[in-house]
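Novice: Output the structure for:
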Amino acid sequence: MKRKDRLIAIEKLISEYEISTQEELTKRLNDLGYDVSQATVSRDINELDLIKTEGSGKKSVYIKPQKINTEISPRIKELFRQITVSIVAANNLIVLKTLNGNGSSAGMAIDQMSIPQILGTVAGDDTLLIVAKSNSDAETILKILKSI
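Specialist: Here you go, the predicted model:
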């Protein structure tokens, strides 16, 4: 079966079932007739940009991240790049350090992105605190912000 069909099958499986491991996903694909190894599934997960988030019962499950609002102005993205000094996650909190006086500007840019995993932001002079819904959501947000 074709790779494209397999990728579609993976997206369908993770939308229908709470799949928490590559082994589980490999087994489900094999049950559907796809002859795949865990290494192949690992590459597919990376290609699909799947992330793990908290499912029911407090176990982590694979999901396709929701699209963020990429329609923010290129000028705001460039401003964000220029004023950001560092971004670090600790559990469900992300601390973004900015150049002096730019904490609220970074907060404005992030708020405009409408990232669904963010509960809220608190801006200081040169720091922005971002509160994520969960630890795994914080990792997702960190990836998004570092990709800007």
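Novice: Could you look up the SS state of the residue of the chain positioned farthest from its centre?
Specialist: Most distant from the centre of the chain: residue 33, at 29.7 Å, with distances by CA atoms, centre = their mean. Three-state call for residue 33 (DSSP: H, G, I helix; E, B strand; the rest coil): coil.
Novice: Quickly note the distance from it to residue 84.
Specialist: Relative to residue 84, residue 33 is positioned 47 Å away (CB to CB, to the nearest Å). Bear in mind the C-beta positions are built from the backbone N, C-alpha and C, glycine included.
Novice: ok so, going back, show the pLDDT at the residue farthest from the centre of the chain.
Specialist: For residue 33, the pLDDT comes out at 92.
Novice: Show the backbone phi and psi for it.
Specialist: Main-chain torsions, residue 33, degrees, to the nearest 10: phi 100, psi 0.
Novice: Remind me what the lowest-mean-pLDDT helix or strand in the chain packs against, helices and strands.
Specialist: Lowest by mean pLDDT, DSSP states H and E among the helices and strands of the chain is strand 51-54, with a mean of 76. When contacts are defined as 3 or more CB pairs under 8 Å, 6 or more residues apart in numbering; DSSP states H and E, strand 51-54 packs onto strand 60-63, helix 135-146.
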